[in-house]
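>>> Take a look and give me a structure for this.
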Amino acid sequence: MSGVRTRRSEDKDPERSTLEIRPMRLADVDEVALLERCIFPMPWPGQAFVHELKEGPTSFCLVARQGSVLAGYLVAWFVYDEAHLGNIAVRPELRRRGVATRLMERLLTEAETRSVRRITLEVRVSNIQAIRIYHGFGFKAVSIRRGYYVDNREDAFVMLRESPRPRREQWED
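Residues are numbered from 1 along each chain as shown. Sure, this is the predicted structure:
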């Protein structure tokens, strides 16, 4: 019976059922903030997510849901022709199942739609798994922010992904 999948087990497995990526809503904030506290040593408070949704004109906030389960989320900002990935998180028991990949793909699709020239992010130098994911999406470490993380003074890589296509200038004749 170990190889038999029930409908209940399939609902919890992103590889077996549909993973929904959609804009974050105020109704998601409590779950997002709880997951944030479980994952990060310096979590954003729930009110920060509320602010991004209500008053962040440059904010781009997504959630990944597996049925009723919050699988992950992403927060980025678009300013002119640049984007900055502020936060991406995946529920620990659902990692290595494509959740972060799907969130990143949605971010990159949005960036292309908005004719973004570059996307930046910071990542802990010790977060090898995240760095590998970012490399897979074409990000390169371009500098180091010394002591960036206040909790332990760990350095951060600044990573950059440049648009693969040149943007047509708005003022061309």
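>>> helix, strand or coil for Tyr134?
What DSSP: H, G, I helix; E, B strand; the rest coil gives for Tyr134 is helix.
>>> what about it, distance to Ala100?
Remark: distance between Tyr134 and Ala100 (CB to CB, to the nearest Å) = 10 Å. Yep, even glycine has a C-beta here, placed from its N, CA and C like the rest.
>>> cool, and Leu19?
Counting by CB to CB - Leu19 and Ala100 are separated by 11 Å.
>>> Repeat that for Asn152.
Counting by CB to CB - Asn152 and Ala100 are separated by 23 Å.
>>> Who has more neighbours out of the two?
Ala100 (23 against 10; other CB atoms under 10 Å).
>>> which one is that one nearest to, not counting chain neighbours?
Of all residues not flanking Ala100 in the chain, Val90 sits nearest, at 5.2 Å (CB to CB, 6 or more residues apart in numbering).
>>> Same check on Trp44?
In space, and not counting its chain neighbours, Trp44 is closest to Glu36: 5.6 Å by CB to CB, 6+ apart.
>>> Who are the contact partners of that neighbour?
Going by CB atoms under 8 Å, 6 or more residues apart in numbering, Glu36 touches 43-44, 49, 87, 89.
>>> Check His135 too.
Taking CB under 8 Å, 6+ apart as the criterion, His135 is in contact with no other residue.
>>> Let me have the contacts of Glu36 in CSV, extended by pLDDT, secondary structure and distance to Val79.
Shown next, in CSV, are the contacts of Glu36 (pLDDT from 0 to 100; DSSP: H, G, I helix; E, B strand; the rest coil; distance: CB to CB, whole Å):
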residue, pLDDT, secondary structure, distance to Val79
Pro43, 92, coil, 24
Trp44, 93, coil, 19
Phe49, 96, helix, 19
Asn87, 94, strand, 16
Ala89, 96, strand, 22
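>>> and which of these is nearest to Leu121?
Checking those against Leu121 with CB to CB, the nearest one is Asn87 at 9.3 Å.
>>> Does the closest one touch Leu62 like I think?
No - applying CB atoms under 8 Å, one finds Asn87 not in contact with Leu62, separated by 10.6 Å.
>>> Mind listing the shared neighbours of the two?
Counting by CB under 8 Å, 6+ apart, the residues touching both Asn87 and Leu62 are 73-74.
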